[in-house]
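> Show me how the following folds:
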Amino acid sequence: MAFGRTVGYDMSVVISGIEKHSPAAKADIHPGDRLVSINGNEIIDVLDYRFYMMEKKLKLILDSGGREKAVVVRKKDEYDDLGLLFDTYLMDKQRSCRNQCVFCFIDQMPPGMRETLYFKDDDARMSFLYGNYITLTNLSEHDIERTIKMKISPINVSVHTTNPELRCKMMHNRFAGDALKTLWRFAEAGISLNTQLVLCPGLNDGPELVRSLNDLKTLGDSLLTVSCVPVGLTKFREGLFPLQPYTKEEAGKTIDLIDQFADEQFEKTGDRLFYAADEFYIKAERPIPDAAFYGDFNQLENGVGVIALQRQQFMEAMEEFEADEEERNLTVATGVAAAPFIQKLVDEARKKWHNLNCKVVTVKNYFFGEGITVAGLITGKDLIQQVKDEAIGDKILIPTEMLRYQGDLFLDDISLEEAQEALGKPLVPVEADGYQVLRNLLGKEY
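Numbers count the residues shown, from 1 in each chain. Alright, predicted model coming up:
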């Protein structure tokens, strides 16, 4: 340990606490000290911290009340955490989106909802840590170089179109087109990329989609997947860019176009790469492909292959449980898009468990508009109003996606407890996992 001159560090981060019995607790580090560097590497946020602490012996430079302090920390294993605590997980503020995309869902929400629902995230660190998608418009040169240096991978990118001029128009950001170059810089550096395109009829589909898919192919082995998702439109679009939902015919043509690229890629490499979201198949009234179609399911967060995976898991789970004659009475409540598929799973289960009496209730989205069909955007009020007089049995299963804040609030701030009281039955949140769905249908203990 050594004290040096008085210093002032602009980019250091404040240590808010020390975990007991941690490597840091054995060193001369105190809450309020500012972490400046580890082994000579400047620490700005969580990515720097986690990347540079991966050694057994670490030299930390701290700013302790304006005085420089050097501390050596030793760990038993390089993967051990130092034990430093910070006010936020990222160690600084989360970066918000600079774009005003014509299809942005947050711009289509009504006023008066809780503040956190209006935050637009565009933070590359969240992409790496949690799988969030970024537009690349928020990246500084430092961010790009650091990503390449650390080999952070994969990076999830919202592309939408590879036409620079169209991208600027769609995102209302004059730098959006130029930011696309970062995709190829990452690819050249060996960074893996998952990409998504939110498709809007007549804007970035058709010939523009052909251009985008052709351009993305040039990313080579770095390109892991491309998901194509139909734009979601609420009833709160007054004053916004004029957009229309996909018709059955338009959705079908879009699937065919995507499959053309996917089939060609599959013949060359055995991997499809290009996928249409489940919602496209629902809009086109086409059957969802089997699970094998989706490879490693790398785009589940974009609604690609969710139904196929759940169906496969459910059928596999059916083989694990023995048939019995126990009587079961319950309700499943879900969104318009998922209801027909949940009904099919229930029907399959009834073939083996003949006394399974389960009613699937389809909940329409009156809050955002009936064009929004996913279960994750159903409010507590819509759930209560539409399920109360329809529910049967002793419990109601709902998808966990309906709940947001700490898993106990619906989008309209109705709590799980309040909804249960209004419905007169317990609500059981169930993960989008076929195994868990069957477990809950049968009332099996974990």
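> Next, please give the residue ranges for the strands of the stretch 251-400 of the chain.
Applying DSSP state E, counting those that start in this stretch to the stretch 251-400 of the chain gives strands spanning 274-276, 328-335, 356-363, 396-399.
> Distance to Lys75 and mean neighbour count for the ones you listed - can I get that in TSV?
To be clear about C-beta, it is placed using only N, CA and C from the backbone, and glycine gets the same treatment. Shown next, in TSV, are the strands of the stretch 251-400 of the chain (distance: least, CB to CB, whole Å; neighbours: other CB atoms under 10 Å):
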stretch	distance to Lys75	mean neighbour count
strand 274-276	42	27
strand 328-335	47	22
strand 356-363	51	19
strand 396-399	41	23
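> closest one to Leu139 among these?
Proximity to Leu139 (CB to CB) singles out strand 274-276 among those, at 25.0 Å.
> chain center to stretch 66-81: distance?
Computed by CA atoms, centre = their mean, to the nearest Å, the chain-centroid distance of stretch 66-81 equals 34 Å.
> before we move on, what about stretch 353-370?
25 Å.
> low-confidence ranges in the chain?
1-11, 89-96, 116-131, 405-406, 445-446 (pLDDT under 70).
> would a markdown table of the strands of the stretch 251-400 of the chain with distance to Gly303 be doable?
Shown next, in a markdown table, are these (distance: least, CB to CB, whole Å):
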| stretch | distance to Gly303 |
| --- | --- |
| strand 274-276 | 10 |
| strand 328-335 | 12 |
| strand 356-363 | 18 |
| strand 396-399 | 13 |
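> Looking at the ones you listed, which is nearest to Arg237?
Closest to Arg237 of the strands of the stretch 251-400 of the chain is strand 328-335 (CB to CB; 20.1 Å).
> residues making contact with the closest one?
342, 346, 353, 355-363, 365, 373-378, 383, 386-387, 390-399, 425, 441-443 (CB atoms under 8 Å, 6 or more residues apart in numbering).
> partners of it in the sheet?
With DSSP bridges as the test, strand 328-335 is paired with strand 356-363 (parallel), strand 396-399 (parallel).
> Can you add distance to Asn204 and give these back as JSON lines?
As requested, the strands paired with strand 328-335 are exported to JSON lines (distance: least, CB to CB, whole Å):
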{"stretch": "strand 356-363", "distance to Asn204": "31"}
{"stretch": "strand 396-399", "distance to Asn204": "30"}
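> between those strands, which one is nearest to Ser37?
Nearest to Ser37 among those is strand 396-399 (45.4 Å), distances taken as CB to CB.
> buried set for the helix or strand that the closest one is followed by?
Per DSSP states H and E, the first helix or strand lying C-terminal to strand 396-399 is helix 416-423. By neighbour count on 16 or more other CB atoms under 10 Å, the buried set for helix 416-423 is 416, 419-420, 422-423.
> do the same with stretch 208-218
Applying 16+ other CB under 10 Å to stretch 208-218 flags 208-209, 212-213, 215-216 as buried.
> likewise stretch 366-380?
367-369, 372-380.
> and Arg185, what is it in contact with?
Counted by CB under 8 Å, 6+ apart, Arg185 has contacts 144, 148.
> Now the helix or strand harbouring it - C-alpha only, CSV.
Arg185 belongs to helix 181-188 when assigned by DSSP H and E. Listed next in CSV are the C-alpha coordinates belonging to helix 181-188 (Å, rounded to 0.1, in the frame of the first residue of the first chain):
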residue,chain,number,x,y,z
LYS,A,181,-20.3,0.6,-40.5
THR,A,182,-19.7,-0.6,-36.9
LEU,A,183,-21.4,-3.9,-37.8
TRP,A,184,-18.6,-4.7,-40.3
ARG,A,185,-15.9,-3.5,-37.9
PHE,A,186,-17.2,-5.9,-35.3
ALA,A,187,-17.4,-8.7,-37.9
GLU,A,188,-13.8,-8.1,-39.0
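> who does the helix or strand just after it pair up with?
Tracing the chain C-terminally past helix 181-188 and defining elements by DSSP H and E, one meets strand 193-199 next. Counting by DSSP bridges, the strands paired with strand 193-199 are strand 155-158 (parallel), strand 223-230 (parallel).
> Turn the ones you listed into JSON lines, including distance to Tyr133 and mean neighbour count.
Formatted as JSON lines, the strands paired with strand 193-199 follow (distance: least, CB to CB, whole Å; neighbours: other CB under 10 Å):
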{"stretch": "strand 155-158", "distance to Tyr133": "5", "mean neighbour count": "23"}
{"stretch": "strand 223-230", "distance to Tyr133": "10", "mean neighbour count": "24"}
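> Quick check: the residue nearest to Leu209 when sequence neighbours are not counted vs Met170, distance?
Spatial nearest neighbour of Leu209, chain neighbours left out: Leu257 (6.1 Å); criterion: CB to CB, 6 or more residues apart in numbering. From Leu257 over to Met170 the distance is 19 Å, taken as CB to CB, to the nearest Å.
> With neighbour numbers in mind, choose between those two.
Neighbours were counted for Leu257 and for Met170 using other CB atoms under 10 Å; Met170 has more, 23 against 19.
> so that one touches Val159, yeah?
No: when contacts are counted by CB atoms under 8 Å, Met170 is not listed as touching Val159 (10.6 Å).
> And the helices in the stretch 151-300 of the chain?
164-171, 181-188, 207-217, 248-269, 278-284 (DSSP state H, counting those that start in this stretch).
> Just say which of these is most tucked in.
helix 278-284 (a mean of 22; mean count of other CB atoms under 10 Å).
> coming back round to it: switch the helices of the stretch 151-300 of the chain over to a markdown table; also include distance to Asp77.
Formatted as a markdown table, the helices of the stretch 151-300 of the chain follow (distance: least, CB to CB, whole Å):
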| stretch | distance to Asp77 |
| --- | --- |
| helix 164-171 | 44 |
| helix 181-188 | 31 |
| helix 207-217 | 40 |
| helix 248-269 | 38 |
| helix 278-284 | 42 |
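> out of those helices, nearest to Pro201?
Of all the helices of the stretch 151-300 of the chain, helix 248-269 comes closest under CB to CB, at 5.6 Å.
> What is the neighbour count of the nearest residue to Asp324 once chain neighbours are set aside?
Distances taken as CB to CB, 6+ apart put Trp353 closest to Asp324, at 6.9 Å, once the chain neighbours are dropped. Trp353: 22 surrounding residues under other CB under 10 Å.
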